[in-house]
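S.K.: compute the structure for the input listed below.
(chains A, B, C and D)
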Amino acid sequence: MKRIGVFVCHCGTNIANTVHCDQVAEVAKDFPGVVYSCDYKYMCAEPGQQLIQDAVREHNLDGYVVAACSPRMHEPTFRKCAERAGLNPYMIEQVNIREQCSWVHADKEKGTEKSIDLLRMAVAKARKNEPLSSSTIPVTKRALVIGAGIAGIQTAIDIADNGFQVTLLDREHSIGGRMAQVDKTFPTLDCSACILTPKMVEAAQHPNIEMVTYAEVTAVDGFVGNFDVTIRKKARYVDFDKCTGCGACQEKCPKKVSSEFEMGLGPRKAIYVPFPQAVPNKPVIDAEHCRYLLDGKCGVCKKICPTEAVDYEQKDEVIVERYGSIVVATGFDQFDISKYEEYGAGRYPDVITGLHLERLMNASGPTAGKIKRPSDGKVPEKIVFIKCVGSRDEAKGRPYCSKACCMYVAKHATLIKEKMPQSKSYIFYMDVRTGGKSYEEFYKRTQEQYDGQYIRGRVSKIFQVGDKLIVRGEDSLIGRPVEIEADLVVLAAGMEPRADAVALARTLGISYDQHGWYTEAHPKLQPIETHTAGIYLAGVCQGPKDIPESVAQASAAAVKATGLLSKGELTSEAMIAECNEAVCAGCGLCISVCPYKAIEKKKVSERVHGQMKERVVAVVNPGLCQGCGACTVNCPSSAMNINGFTNEQILAEVDALCQR
Amino acid sequence: MSTVEDKKQTAQDWEPNIVGFACNWCTYAGADLAGLSRMQYPPNVKLIRVPCSGRTNPQFVLRAFQKGADAVLVAGCHPGDCHYSTGNYFTRRRYLLMQRLLEYMGIDPRRFQARWISGSEAPKFRDVVTQMSEEVKALGPNKKLREEL
Amino acid sequence: MKAFPKAKLQEVLKTLASKGTLYVPALVDETHRYYPYRADIQVSLEQNSAISPKEIFFPSTEKIYNFTAYGIDGDYEEILPDRTACVLFGVRSCDMQAILCMDDVFLTRGYIDEYYATRREGATIVALGCSKAGADCFCSSMGLNPVEHEGADAQLYDLGDYYGIQGRTEKGEKVVEALAVAGLLSESSAEVLVPEEFVLQVDSEGIAEKLQAMFEHSLWDQLWRKCINCGTCTYLCPTCHCFDISEKKKNQHCGVKIKCWDSCMFNEYAMMAGGHNPRPSKKEKVRQRFMHKLRYFPERYGKYQCTGCGRCIAKCPVNLEITDVINQVREAKVNG
Amino acid sequence: MNSLIKEMQALAQELLASGEVKGVFGWTKGSRWYLTPPLFIQKAEDAIKLHYDEFAINNLTSLLLDYRNSDDKIAIFVKGCDSRGILRLIQDKQVNPEKVLVIGLPCPGMVDKEAVKDQRHVHDLPLLRKCQECRYPNPVLADRTLGDVQVTKEPGVPIGITAERAIQKGVGSKGKERYQEVKEIEALSADEKYAFWQKQHEKCLRCYACRNICPACNCRECIFESDKKGWVNKAATTTDNAFFGITRAMHVAGRCVDCGECERVCPAGIPIMKINRKIMQDIDELFGTYDAGTDLEEAGPLNHFKLDDPEEFL
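M.R.: As a prediction, this is how the structure comes out:
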């Protein structure tokens, strides 16, 4: 029989006012297992804790119960006090007779009676406490960053600066992501490449960063501290050690292909570097278009390559690497504007998106920075911008606001006025959202100094007449329909999760919302973590945001990731599930309800009628289990139990509370 | 054995004994907040702290009725708020069935309640507890499923 | 022979009920077992009861003592069953024989089970002769006479429209006398109806001796294959007497000890303290049941522990029939 | 019917002789005309004992649990309702699909043998109530079939050589009213409901026949096995019986395959299916119609959830 001590706290007058603490302590003496019981003014204070420690030694207690405030507040305190007294911290219980008793019941008799019941419950539970300890799991001191846009690059740099190895992985063959396609950035109008490329170079040259581009994650096994990630490196057909990046092959390659990077507005070759500042700045052969790889003809690039770097025999390579933590920074796709037939998107070449305009304005873009109409190359006079295309629109399944469009439309209007003073920009809007530092001032300047005409209203239809685009809408401020003959229409297409975002989420085992944005652990207090320990989020993959926020999240994700790695080992929760293998039938009902995928199956062998037989049982991974207890209820044979909240303990509590 | 132990059974000053299972992250915190705000409510509900409402096994509810509880409350976070992300979704399904099964067995629905009470809904905690105490006091002691020793 | 018309059964039962609690086989909520007599109860004497009368003397759940424990000192207070006299009416030969088997176990060989003894002494057993064999009965094969059994205090004979009655013991005489005083008895020379041949018959001669060499016989490897190891046969069987001790706590100091039925078919039945179980699988459990009925009990008490009441045959979910086992043992070839 | 029995015997004989399986579960002729109890044979020459008729009521699937540890392959004959038990055991990982050869049979509709037990021979044999309410007369899964029955996951009418005899006898005629009795109890007042169930739980002997015959009750060690586990007392008091009844219902909630065996084997005649059907009805209403043991891929209603599940606890 365990020797239990009972310590009833007065909490000054907070408890003593409406509970006879002395009477409670007195009655507790008769509870089975209680060998010492006293009450004192301030249990949590130094003298109180000293009193406890003395009593533990003097009466050689196995555990004790403190009747005081809420365990949510001082359970850690009394656990540390137990440790100092030489007890296992999980041998103690704290019962709440303050917030849930003395403060809420004025009647002193009833308050005392309830305190006695609650104390009897806690003693009944304490008698079934067992010493617990959290186990430690080794952590591989290496991080993986999936997606190498500005968020991924910033995360990788911060992790690397903290002295940890990090792999920066991207599906494209160069890092840079969306931001590389952007010409200028708001509100400073810095040239995007000028602020991005130094970071790309820094990432490329950082000793702690291993860049793995043109590669995809195909499987993630293991758990926090020990993720085994299977990576498929797509064949480049160019040996990067030999290639010097001279670009001769790109000139001579006969096969022209529409460049995805240029949003289809310009050509690229079958062997290509997507944009001049690409990192790594070496070409890759596009297997779907290269004549040699398709039907064995040509081979020009191999012939003229001075360092014989071209190697058609290269195959995809699959590697498995172990990482301690993973940061997901996979960015976004632009909303597919062809879903708006009413705007003629996809039919009229001059109805383009913001990113198309970025490429047209970009000096290294298809039109070397001159804004020309994709249809006939003429310089447009009147340009119409339409905002909230594929955002704030339930009909199209995109109810959310994409946050950055208002600012980049204002930026476009400003830049166009600067480049072509005689042009005129009309911007159809519902609202203008300028929620960033000096955003509002930037927007004011667009209206006042750059003659951006903002029309509050929706556009109902766009149709082509001759070489003009008739934009029919309404101006709700003056309540009249509006019609503009435009030379160019720019739709502010919203942000969408990557097409394969859900597939990656399933591979990683993280959750996602109904649109496909990855779900953070808590929308307000844990925007970086996910419910899967060791996996963090950065950038737009977690939801629409602009570059400053993405960079901020990137650095935050880096701190979270390195925080995990710096400890070298992970202490698991102590109050977690445990499977009684003798009773477990291996039915797997527990696995289906575990939110953390913390339960695996393992084979055990045992003697049955003299022969060794193998059977499957469930086993709990201490690194992942958070002790929620869902498995214990779904397990009919109650083989699963939670240490610290065992079935036997809760039954003892129910019995103690129901005593008459 | 001191007098406080044996409870008087006379009708009008009989007090119901209600067992509550409160999830540590939401309802228990809500109850604490009710205490911090010095709200007043009848002393009949005593909470057993569980890590998640998903830890509350229907067999605990049956055990409470068997050992003489007059009513049982199972309370946890609102679906979506669960600290363990999916705990209360399973609680919701299981107790939608259990609630109907208990009613089917003849237990008065007012004697078993499952409610979502978040960490900030202290007034709601007080109201649920008060309402339950008053209703059950009117109903009288629970004889059903009770163990006679 | 003294007799009373079947039509007057209710009055007979009323007079007997005035002497002490009268248990009669009755049908209540489609369950046919022995209930305390009430005027409106639906007495059912056509067939034997579905649940045996053993629960009258050896109830499935019985409080044996209250206990209190404070730290290391505690005490207990016995709860003996009440001593009021009772009359067990309508017991057939198979059940009467079963009661005698129970008496051997609970009252002989230096071990007296007080609880059983108290109930048994206070009881007067009025046996009832069968006129028609039930679908699963085979008491004649077990050496019993369905028409009468000498062990009863009083014996009723089925005379067609009348029930003949004969007192055998002093308690039985009192019953007959009480009925006579109530003017219910009259003389009848009608023939005693005897059941024609039994559907189920088996030759149980020498089975106990043959089983002594058959512990390892291959018969047991096949027998258990369809059994689901539930406790139906043992809980319906009038001679099964195994029990377990359990307890219920009122609060953390006091509680009550309970004696309750147990079954050799349950896994935990033969579980040793260290976790070893000499009868781990179904084969050993099924073998144990029939060995006990047909060999161990006869070796110890000189009579089969199966009285042919057929209740296990009627309700076994997989129709594992003791008559079939007896036949298989008879035909089994035993070398050496 | 005799041709079907001959086919069964031939198939069993061939399977055992070839060594493809080490044992065959089927039925055999019992000691009386209304009995066709289970049979397990291991030798080819015993195949002649196999029999099949309207009294082969037993669902043999729970007997497979004794072969959890064995590497032998076992063949088992299944009717429609039995096959759902196989699927239940496979989904609960208690039976390895490669270690069991399921042979599907057409079901002629089973007879209520308790009703005909005392007469010598009755010509129009009354159908078991569970067969009148049967919605899955055809096997939902089978490696082989006899009597040209088809395997189908959907509820339907009997197929195969005994089909029109089964339909004529009324198999599935009451399929729509299977929740009828549940509705009757739900209509009672709280006290009437309690009184009804109190009487049933009072009758319970705790012999565990309902648990041991049930394919969904496949734990290695049941919590009711011993009162050392602390859940319930071993004594058959009414409250402990109620605790057992209600807890078992919740354990098989969303897993019970509606085979009705628990109610049939209960020696005290407790209407256990009235509890299981109540839960099935609630599951259909709350989470969408779900028939356990018909689709191997679909997770049970208590093993997954939807964000927009009905909300009653706000």
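S.K.: would you map the strands across chain D?
M.R.: Secondary structure of chain D by DSSP state E: the strands cover D:23-28, D:38-41, D:50-51, D:74-78, D:100-104, D:144-145.
S.K.: wait, the stretch 201-350 of chain A
M.R.: Secondary structure of the stretch 201-350 of chain A by DSSP state E, counting those that start in this stretch: the strands cover A:209-213, A:215-223, A:226-233, A:256-258, A:267-269, A:271-272, A:284-285, A:317-323, A:325-328, A:332-334.
S.K.: those: which one's closest to chain C?
M.R.: For chain C, the closest of the strands of the stretch 201-350 of chain A is strand A:215-223, at 33.5 Å, according to CB to the nearest CB. From N, CA and C alone the C-beta is placed, and that goes for glycine too.
S.K.: for the closest one, C-alpha coordinates in PDB please.
M.R.: The C-alpha trace of strand A:215-223 is given here as PDB (Å, rounded to 0.1, in the frame of the first residue of the first chain):
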ATOM      1  CA  ALA A 215      14.200  17.000 -57.500                       C
ATOM      2  CA  GLU A 216      11.000  16.000 -55.700                       C
ATOM      3  CA  VAL A 217      10.100  14.400 -52.300                       C
ATOM      4  CA  THR A 218       8.300  11.100 -53.000                       C
ATOM      5  CA  ALA A 219       8.100   9.600 -49.500                       C
ATOM      6  CA  VAL A 220       8.600  10.600 -45.900                       C
ATOM      7  CA  ASP A 221       8.900   8.000 -43.200                       C
ATOM      8  CA  GLY A 222      10.000   8.100 -39.600                       C
ATOM      9  CA  PHE A 223       9.000  10.800 -37.100                       C
END
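S.K.: for the residue lying farthest from the centre of chain C, give me its contacts.
M.R.: In chain C, residue C:71 marks the outermost C-alpha relative to the chain mean, sitting 42.3 Å out by CA atoms, centre = their mean. Contacts for residue C:71 (CB atoms under 8 Å, 6 or more residues apart in numbering or on different chains) come out as residue A:32.
S.K.: residue ranges in chain B under the pLDDT threshold?
M.R.: Segments of chain B classed as low confidence (criterion: pLDDT under 70) are B:1-12.
S.K.: what separation do you get for the residue in it positioned nearest to chain D and residue B:99?
M.R.: Closest approach between chain B and chain D, counting by CB to the nearest CB: residue B:106, at 2.7 Å. Distance from residue B:106 to residue B:99, counting by CB to CB, to the nearest Å: 13 Å.
S.K.: got it, and residue C:230?
M.R.: Counting by CB to CB - residue C:230 and residue B:99 are separated by 31 Å.
S.K.: ok, these two, which is more surrounded?
M.R.: residue C:230 (26 against 21; other CB atoms under 10 Å in any protein chain shown).
S.K.: now that one. Nearest residue, chain neighbours left out?
M.R.: Of all residues not flanking residue C:230 in the chain, residue D:209 sits nearest, at 3.7 Å (CB to CB, 6 or more residues apart in numbering or on different chains).
S.K.: interface residues of the stretch 51-200 of chain C facing chain A?
M.R.: C:69, C:70, C:71 (CB under 8 Å from any CB of the partner chain).
S.K.: helix, strand or coil for the first one?
M.R.: To tie it back to what came earlier, the one meant is residue C:69. Under DSSP: H, G, I helix; E, B strand; the rest coil, residue C:69 falls in the strand class.
S.K.: that older thread, which one of the strands of the stretch 201-350 of chain A lies nearest to residue C:177?
M.R.: For residue C:177, the closest of these is strand A:215-223, at 85.3 Å, according to CB to CB.
S.K.: now find how far off-centre the closest one is within its chain.
M.R.: 16 Å (CA atoms, centre = their mean, to the nearest Å).
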